[in-house]
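Colleague: okay, structure incoming, though there's no sequence with it:
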């Protein structure tokens, strides 16, 4: 029940996120990899977790244009930049996918070309949730992070 602007039109719909368990490279543990599993009117369905996006405008991910040298520096500065609407950051040496799946932001290498992930089945977009021109939450790696929670944890 969120509104997303696409093709110069506003669409009201639900987003169902599927999280699959992926085995790590060492075959010792699993991490969750998210993707859109369904779009449209999903009022007849229920999820393990639900987020009421009534009155929310969704915007696509936004890239911070400066690169970070290490994950620790990004963790320190990230929460403040997320509050400004950034969801995607460049990191010289990205961590393993298992670590990336737990972070409240997306990571890419500075040499990669940035393409905003579309809201489509099978894709894993990073989205920002806005109410009355105020950022309230972000969706990254299939997880919704309320900004108030991020401020408290400093993640």
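Modeller: Looks like it came in fine. On a predicted model such as this, the values are computed, not experimentally measured, just so you know.
Colleague: which residues touch the top helix by length along the chain?
Modeller: In the chain, with assignment by DSSP state H, the single longest helix is helix 71-83. By C-beta atoms under 8 Å, 6 or more residues apart in numbering, the surrounding residues in contact with helix 71-83 are 64, 68, 89, 91, 95, 99, 104-105, 107, 135, 138, 145, 147, 150-151, 154-155. Heads up, the C-betas are built off the backbone N, CA and C, glycines and all.
Colleague: quick check: the gap between residue 67 and residue 126.
Modeller: To residue 126, residue 67 is 18 Å away according to C-beta to C-beta, to the nearest Å.
Colleague: the two: which is more packed in?
Modeller: residue 126 (20 against 14; other C-beta atoms under 10 Å).
Colleague: wait, isn't that one in contact with residue 104?
Modeller: No. Contact status for residue 126 versus residue 104: not in contact, 9.7 Å apart, counting by C-beta atoms under 8 Å.
Colleague: what is in contact with those two at once?
Modeller: Listed as contacting both residue 126 and residue 104 by C-beta under 8 Å, 6+ apart are 138, 140.
Colleague: show me what contacts residue 29?
Modeller: Contacts of residue 29 by C-beta under 8 Å, 6+ apart are 23, 98.
Colleague: and with 7 Å instead?
Modeller: Going by C-beta atoms under 7 Å, 6 or more residues apart in numbering, residue 29 touches residue 98.
Colleague: tell me the pLDDT at it?
Modeller: Residue 29 carries a pLDDT value of 80.
Colleague: next one: it from residue 101, what distance?
Modeller: For residue 29, the distance to residue 101 - C-beta to C-beta - is 11 Å.
Colleague: residue closest to the middle of this protein?
Modeller: Centroid-nearest residue in the chain, with C-alpha atoms, centre = their mean: residue 140, separated by 1.6 Å.
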